[in-house]
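In: kindly generate the corresponding structure for this input.
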Amino acid sequence: MESYDKLLDQAYKGLKPLESSGERFEIPKIEGHIEGTKTILTNLQQITSYLRRDQDHLLKFLLKELATSGALKNNRVILQRKISSQKINEKIGSYSREFVICGQCGKPDTELKKEKTHASLNCLACGAKHSVRAKI
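Out: As a prediction, the model looks like this:
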């Protein structure tokens, strides 16, 4: 009978290596398609649940940054012009840098607290507090 270590080595050799950038926090890419002059996004709800932020907050940010109008209907976002998925992913990345990732420790373990006149990003990992835009 073979030793445990030899069997374990054989098992590891049979596994495919994981392809990952090594980061714990990887935002899912936007999914959708273009219909005529409109862009339809189908997985914004998945992205907002991953970021642990309000869907309306992210949508408002995207509409402002992409300089377009749009609406949420049946868990799909309908943007009123053609926009590439690359550009939308860039804007979601800038949203996460501003409203999700801690500026002190760089971890995504944060919560957004809104008060009357301002909003702050509170890090649950290191305890840092950063002020962010209250109005988008």
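In: scan the chain for its longest helix.
Out: When secondary structure is assigned using DSSP state H, the longest helix within the chain turns out to be helix 85-99.
In: ok, now which ones touch residue 44?
Out: 30, 55, 58-59, 72, 76-77 (Cβ atoms under 8 Å, 6 or more residues apart in numbering). Backbone N, C-alpha and C define where each C-beta goes, glycine included.
In: so what's the backbone phi/psi at it?
Out: Note on residue 44: its backbone torsions stand at phi -70, psi -30 [degrees, to the nearest 10].
In: and for the one 4 residues further on?
Out: For residue 48, the backbone dihedrals are phi -70, psi -30 (criterion: degrees, to the nearest 10).
In: domain assignment for the chain?
Out: Here the domain assignment for the chain is 25-100, 104-136, based on automatic domain parsing.
In: can I take it that residue 56 is in a helix?
Out: Yes: Residue 56: assigned to a helix according to DSSP: H, G, I helix; E, B strand; the rest coil.
In: please state the offset of the longest helix of the chain from the chain centre?
Out: With Cα atoms, centre = their mean, to the nearest Å as the basis, the distance from the averaged C-alpha position of helix 85-99 to the chain average is 8 Å.
In: so residue 130: helix, strand or coil?
Out: Secondary structure assignment for residue 130 (three-state DSSP): strand.
In: what about the closest residue in space to it that isn't next to it in sequence, is that helix, strand or coil?
Out: Counting by Cβ to Cβ, 6 or more residues apart in numbering, residue 130 lies nearest to residue 121, which is 4.6 Å off, once chain neighbours are set aside. In terms of secondary structure, residue 121 is strand; the call rests on three-state DSSP.
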